[in-house]
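Asker: What follows is a predicted protein model with its sequence.
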Protein chains: 2
Amino acid sequence: MNDPISDILQSKGLRATPVRLKVLEQFQGSDNAVSPKEIELRFDQIDRITLYRTLKSFEEKGIVHKIDDGTGTPKYAMCIDKCDEGHHHDDHVHFHCNDCGNTFCVEDVEVPYIKTPPKLKVAKTSIVMNGTCEKCQ
Amino acid sequence: MNDPISDILQSKGLRATPVRLKVLEQFQGSDNAVSPKEIELRFDQIDRITLYRTLKSFEEKGIVHKIDDGTGTPKYAMCIDKCDEGHHHDDHVHFHCNDCGNTFCVEDVEVPYIKTPPKLKVAKTSIVMNGTCEKCQ
DNA sequence: ATGATAATTGCAACAGCGTTGCAAAGGATG
DNA sequence: CATCCTTTGCAACGCTGTTGCAATTATCAT
Ligand SMILES: [Mn+2]
Ligand SMILES: [Mn+2]
Ligand SMILES: [Zn+2]
Ligand SMILES: [Zn+2]
């Protein structure tokens, strides 16, 4: 329990199993959001179903958040803010680069207030930007 | 060719076939964005594949636009602005009601300018709001 | 009108993603 | 060790969307 990655899992009430540790390492070592498929390919051998269940539990526990970048391929990224079980605080913009295909969190851009018709009760606003990222300029 | 629905199709270079006319009627008569599955169920009998191809051609021609409301189920709605082949102008906010599950275009709310890191070249911004719609208050 | 030409449709088959059920393996706890 | 609960892996399945191909239908030029 000196391993910081193990600590994350245990603090969320999840056992620090080999699969979970390796998946979490992938997230820690990645600048971008990653799809289940990408994670799968980075492993020599991992069970598809186990990976799906791992991602689901990570998301439920507030370790990662799911990102819908409009490509149809869901992606996941580490939660930066202190998200808890069933309560996320990832209210930032996401960016999808049309050139390299990468998607990442734009932490320093908060979702602005947008005035809407008073008839609508807005609980959450999701913003996805498309364009060209720094590396692809 | 006095039928206004036929006119829409022909002005976009699409033949006014029975399937297309009926699908387009569904869009005209709906306040909400609709999923392929919903359209399929409104017909006594329609071929799934043909419907997918119809939606694809409608989208390409700028008759409808595809909406990703974050539910994982894609939806389509009529283009209000004059969208052309391969060039859409549907830069408005979309709203998904968590109560009734409906998704619709919020025409009168334009996507605001959002200041981003200068390193990012933003070409398009998609905004989806979640909450409670007027009917579900 | 008749035949050539091109667009549209319907069917079969397939691929990919994600889910569920279930049994085996692994940890925790006494 | 014995028990209980969690996690994993496999099989099977459902759903969405795609492609190939042949049949049908509309369009157009004789
Ligand atoms: Mn994020
Ligand atoms: Mn719209
Ligand atoms: Zn890029
Ligand atoms: Zn509603």
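Answerer: Thanks, I have the structure now. Residues are numbered from 1 along each chain as shown, chains lettered A, B, ... in the order given. Ligands and ions are numbered 1, 2, ... in the order given.
Asker: A:V19: neighbour count?
Answerer: 14 (other Cβ atoms under 10 Å in any protein chain shown). The way it works is simple: take the backbone N, C-alpha and C, and place the C-beta from them, glycine included.
Asker: What helices and strands are in contact with the helix or strand hosting it?
Answerer: Secondary-structure assignment from DSSP states H and E places A:V19 in helix A:18-28. Counting contacts by 3 or more Cβ pairs under 8 Å, 6 or more residues apart in numbering or on different chains; DSSP states H and E, helix A:18-28 is packed against helix A:4-11, helix A:36-42, helix A:48-60, strand A:75-78.
Asker: Grab the longest strand from chain A for me.
Answerer: Across chain A, the longest stretch assigned as strand under DSSP state E is strand A:121-132.
Asker: Out of the helices and strands packed on helix A:18-28, flag the one nearest ligand 1.
Answerer: strand A:75-78 (4.9 Å; Cβ to the ion).
Asker: contacting residues around the closest one?
Answerer: Contacting residues not belonging to strand A:75-78 are listed as A:27-28, A:32-36, A:55, A:58-59, A:63-67, A:69, A:103-105 [Cβ atoms under 8 Å, 6 or more residues apart in numbering or on different chains].
Asker: same check, this time on stretch A:12-29
Answerer: A:3, A:5-6, A:8-10, A:34, A:39, A:42-43, A:46, A:50-51, A:54-55, A:57-58, A:61-64, A:76-78, A:85.
Asker: Would you list the buried entries among the residues you listed?
Answerer: A:5-6, A:8-9, A:34, A:39, A:46, A:51, A:54-55, A:57-58, A:61-64, A:76-78 (16 or more other Cβ atoms under 10 Å in any protein chain shown).
Asker: quick one on the thing from earlier: relative to the longest strand of chain A, what are the paired strands and their orientations?
Answerer: Strand A:121-132 has the following strand partners under DSSP bridges: strand A:92-97 (parallel), strand B:121-132 (antiparallel).
Asker: And the ones you listed: which comes nearest ligand 2?
Answerer: Nearest of the strands paired with strand A:121-132 (Cβ to the ion): strand B:121-132, 10.2 Å.
Asker: buried residues in that closest one?
Answerer: Buried-residue list, strand B:121-132, by 16+ other Cβ under 10 Å: B:121, B:125-132.
Asker: ok, of those, which one's closest to ligand 3?
Answerer: Nearest member of those to ligand 3, counting by Cβ to the ion, is B:K121, at 9.7 Å.
Asker: give the contact list for the closest one.
Answerer: B:K121 neighbours (Cβ under 8 Å, 6+ apart): A:131-132, A:137.
Asker: In chain A, which residue sits closest to ligand 1?
Answerer: Closest point on chain A to ligand 1, by Cβ to the ion, is A:C105, at 3.2 Å.
Asker: who's in contact with that residue?
Answerer: Taking Cβ under 8 Å, 6+ apart, one finds A:33, A:67, A:77, A:80, A:90, A:92-95 in contact with A:C105.
Asker: Please indicate which of the residues you listed are buried?
Answerer: A:33, A:67, A:77, A:90, A:92-95.
Asker: from these, which are also near ligand 1?
Answerer: A:77, A:90 (Cβ under 5 Å from the ion).
Asker: Turn the buried ones among the contacts of A:C105 into JSON lines, including distance to A:Y113 and pLDDT.
Answerer: Converted to JSON lines, the buried ones among the contacts of A:C105 look like this (distance: Cβ to Cβ, whole Å; pLDDT from 0 to 100):
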{"residue": "A:A33", "distance to A:Y113": "25", "pLDDT": "97"}
{"residue": "A:I67", "distance to A:Y113": "22", "pLDDT": "96"}
{"residue": "A:A77", "distance to A:Y113": "24", "pLDDT": "96"}
{"residue": "A:D90", "distance to A:Y113": "17", "pLDDT": "81"}
{"residue": "A:H92", "distance to A:Y113": "14", "pLDDT": "92"}
{"residue": "A:V93", "distance to A:Y113": "14", "pLDDT": "95"}
{"residue": "A:H94", "distance to A:Y113": "18", "pLDDT": "96"}
{"residue": "A:F95", "distance to A:Y113": "20", "pLDDT": "97"}
